[in-house]
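Asks: the sequence and its predicted three-dimensional model are supplied below.
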Amino acid sequence: MRRFWVGLVALVFAAFAGPCLAAPAYGGGEILWDHYGVGHVYAKTTEGLFYAYGYAQAKSHGEAVVKLYAQARGRAAEYYGPEELANDKWMAVNDVPARTQVWTQQQTPEFRGYLSAFAAGFNAYAKAHPEAFSDAAKRVLPFTASDVVAHSLRLFQYQYLAPPALLARLPLPAVDPLEPAGSNGWAIAPARSASGHAMMLMNPHLPWATGWSTYYEIQLSAPGIDLYGASQIGLPVLRFMFSDYLGFTQTVDNVGGVTFYVIKPKGSGYLFDGKVLPFVSKTHILKVRQADGSMKTETLVVRSTVQGPIVADKPEGPIAMRVAGLDRPHALEQYWRMATAHDFKGYEAALRMMQVPSFNVIYADRDGHIQYLFNGLVPKKQGRDLKFWTSAVPGDRSSTLWTDYLSYDELPKSTDPAGGVVQNSNDPPWNAGWPTVEDPKPYANQIAASAVSLRMEQGIRLLAQSPKISFADLIAKKWSTRSEVADRIMPDLQEAVQMYGTDLAKQAAGVLTTWDHTTQADSRGSLLFLDWLDRPGAASGYSATGFARPYELAHPLTTPGGLSDPKAAAAALDAAAKDMLATKGVLDAPWASTMRITWGGQNLPANGGPGRMGIIDVLDYAPPKDGTRAANFGGTYVAVVSFDGPTKAKVLMSYGNASQAGSPHIADQAPLLSKQQLRDAWRTRSEVEAHLESRDGF
């Protein structure tokens, strides 16, 4: 009888704990899943934490992560078909597979063990749930630590710094597009906080299409560790995080980490400092899966120079590409050390590793410190100006070959500024601690001295409005859809229309006089204004074109301003009005009559607008289809954090915390986004268990 009861208790415990998911080396913990599909890892060891994180990603985003890892191997065409061949060629050109093996061996033994644990956790889920993966995905599995390293290399160096799309613009300046990837990061010091505690906003913006840009929210706990935040799928560390000690968020910056060189061939080699050097050639055999399952092969011969591989052949000559950070294999470990630090000193020590190749970092902690850092590997370049270095530069001389980077101490930064706030919205670093202005002159050939970003200027305005900012105020400011561009030029546009406008343009101007300058769902006039904004003669929040007064670093709240060509601006409004009548039948159709959130099959009214309108709450939309435009870019993960001790936070994952087919958490947070609402971040075990959906034991 005793044996019966012992067996029954064991059976009940096993059913309650959920399936075992770990080998003994990683075991002794569990993942609790809340009602929004957020995993809360409780591990007995750091290795177990990484193992469970890999398992969780496989459960929530398994199919997507497998494809990313296949692409990072440079073998995606072998697994999936010809549509992946362009990626595989880019990986081969940049020798990613070979560098991956070197980087994997260069990891510290401890951290390499963590990467192996992450891969093992992913493999364990895939083995236990083969039905969750396609036949193509099964061809890719299993994973090792090298796959994790390869994905980080591809993401940081060849998706952010040097995506293959750059090739289409050679050999002209390789500058940012007019609509840069948007993000907002704010940190508020205790002196500016109503509670007397530091606060921060984490608000990255990226494309919503499932893939490299997809974010994943999780809590990671082990002895001495309790982290909450998000990162892009496939990464084993958090890029946006907070703990009871500190937090950091990131925005995209431009470190100038890619340089293109025009090579001068001579004979069978190329000229360099008056000598003829041989090209280094490497042959890659790429397999391409056909529809019937058979394989074809393509041979790719890559020539390399002292600068880097030849990535294009142009009339000017072969173009070689040099990418920053190929000698810095420890970016993932740096993120881990940043996240697990307990104070600013420990966090700054992690930053000094200088392994992460780009991204602004905004920081706050429970001790009240805040910081903005123009982080990344900024090449030390000899002389010339920024225009020279963002063009294809002469490759026949060593004077253009950079070999080192600015140190941490040399990077632009703002630490505990007198104004009590730091902020960035993908703009250059000079106004991050406004009203303190960083001098751009020492960086004249490396970082843009002035680049128009009225979204950044709207952020400065919002943060300057209140001497003390409460937690509720910070949330409200995050949701602001007010257009800085409209505020800046509306009087000039009205005057231009009265002088030069047609009767229809004057009618449109009348609509704009009653518009509230926001892109709330019920705002009338916002669609008309955006239509005008995207026409020649208008002004844009991401370009100096169209403004009469240039941007001045010391005056971000008043410059740029005015209309450089009032007559063209009036004509643009006439054209926008005609388009509105043709497509909507009225000039004052509400924003949500066109702008919708259709993620996961839903159809909800959208708030928020494109960053070029100078709006903090960024949502951008696909081209019109059947009279509507679907949100496909902008706010992804959101966290508003206060270091009250314990830290409290409100969060949102706009498109849901899963992409795996059949998951109930695909788009389950879209209604919150539509209503501009955040949810509580459940961090204590009691909170999580009060909102428990399921659990997995390991």
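Replies: Ah, there it is.
Asks: any regions of the stretch 151-300 of the chain where pLDDT drops low?
Replies: 172-181 (pLDDT under 70).
Asks: all strands for the stretch 301-450 of the chain, in order.
Replies: 310-314, 317-323, 360-365, 370-373, 393-394, 413-415, 421-424 (DSSP state E, counting those that start in this stretch).
Asks: these: which one's closest to Ser453?
Replies: Ser453 sits nearest to strand 421-424 of all those, at 9.4 Å, using CB to CB. C-betas here are computed from N, CA, C, even on glycine.
Asks: and the gap between Arg352 and His330?
Replies: According to CB to CB, to the nearest Å, Arg352 and His330 sit 12 Å apart.
Asks: kindly report the same for Asn87.
Replies: According to CB to CB, Asn87 stands 25 Å off from His330.
Asks: now swap in Ser243 and tell me
Replies: Separation of Ser243 from His330 (CB to CB): 21 Å.
Asks: pick out whichever of these two has more residues nearby.
Replies: For Ser243 and His330, the more surrounded residue by other CB atoms under 10 Å is Ser243, and the numbers stand at 24 against 18.
Asks: quick one: the more buried one and Pro646 touch, right?
Replies: No - using CB atoms under 8 Å, Ser243 makes no contact with Pro646, being 9.5 Å away.
Asks: tell me the domain ranges of the protein?
Replies: Following automatic domain parsing, the chain resolves into domains at 2-169, 183-253+329-376+407-478, 484-615.
Asks: end to end, how far does the last one reach?
Replies: Spelled out, that is domain 484-615. Taking CA to CA, to the nearest Å, domain 484-615 runs 7 Å from one end to the other.
Asks: cool, the longest one as well?
Replies: Counting by CA to CA, the length from the leading to the trailing residue of domain 183-253+329-376+407-478 is 11 Å.
Asks: chain center to it: distance?
Replies: Its chain's C-alpha centre and that of domain 183-253+329-376+407-478 lie 12 Å apart, by CA atoms, centre = their mean, to the nearest Å.
Asks: the top helix by length along the chain: how far from the chain's middle?
Replies: The longest helix of the chain (DSSP state H) is helix 46-73. Distance of helix 46-73 from the chain centroid (CA atoms, centre = their mean) equals 19 Å.
Asks: could you point out which element follows it?
Replies: Following helix 46-73 in sequence order, the next helix or strand is helix 76-80 (DSSP states H and E).
Asks: could you check how many residues crowd around Gly645?
Replies: Neighbours of Gly645 under the rule other CB under 10 Å: 10.
Asks: and it, how far from Gly346?
Replies: Look at Gly645 and Gly346: by CB to CB, they are 18 Å apart.
Asks: His205 now?
Replies: According to CB to CB, His205 stands 29 Å off from Gly346.
Asks: could you look up the next helix or strand downstream of the stretch of helix or strand Ser686 belongs to?
Replies: Here Ser686 sits within helix 685-690, counting by DSSP H and E. Using DSSP H and E, the helix or strand that follows helix 685-690 towards the C-terminus is strand 692-697.
Asks: other SSEs contacting that next one?
Replies: Counting contacts by 3 or more CB pairs under 8 Å, 6 or more residues apart in numbering; DSSP states H and E, strand 692-697 packs against helix 2-17, strand 30-34.
Asks: comparing these by mean pLDDT, which bottoms out?
Replies: Ranked by mean pLDDT, the helices and strands packed on strand 692-697 bottom out at helix 2-17, which scores a mean of 34.
Asks: beta partners of the nearest residue to Leu692 once chain neighbours are set aside?
Replies: Using CB to CB, 6 or more residues apart in numbering and skipping residues adjacent in sequence, the residue nearest Leu692 is Leu32, 5.9 Å away. Note on Leu32: beta-bridge partners His40, Arg695, judged by DSSP bridges.
Asks: give the contact list for Leu32.
Replies: When contacts are counted by CB atoms under 8 Å, 6 or more residues apart in numbering, Leu32 touches Gly39, His40, Tyr42, Arg685, Val688, Glu689, Leu692, Arg695.
Asks: the third one against Gly48, yeah?
Replies: This means Tyr42. No - contact criterion CB under 8 Å: Tyr42 and Gly48 do not qualify, at 9.1 Å.
Asks: now for these two: what residues contact both?
Replies: Residues touching both Tyr42 and Gly48 (CB under 8 Å, 6+ apart): Gly29, Ala222.
Asks: and Val378, how many neighbours?
Replies: Neighbour number of Val378 under other CB under 10 Å is 25.
Asks: that one and Glu410: what is the separation?
Replies: In terms of CB to CB, Val378 sits 8 Å off from Glu410.
Asks: pick the one among the contacts of Leu32 closest to Pro435.
Replies: Distance to Pro435, by CB to CB, is smallest for His40 among the contacts of Leu32, at 41.3 Å.
Asks: fine, thanks again, bye for now.
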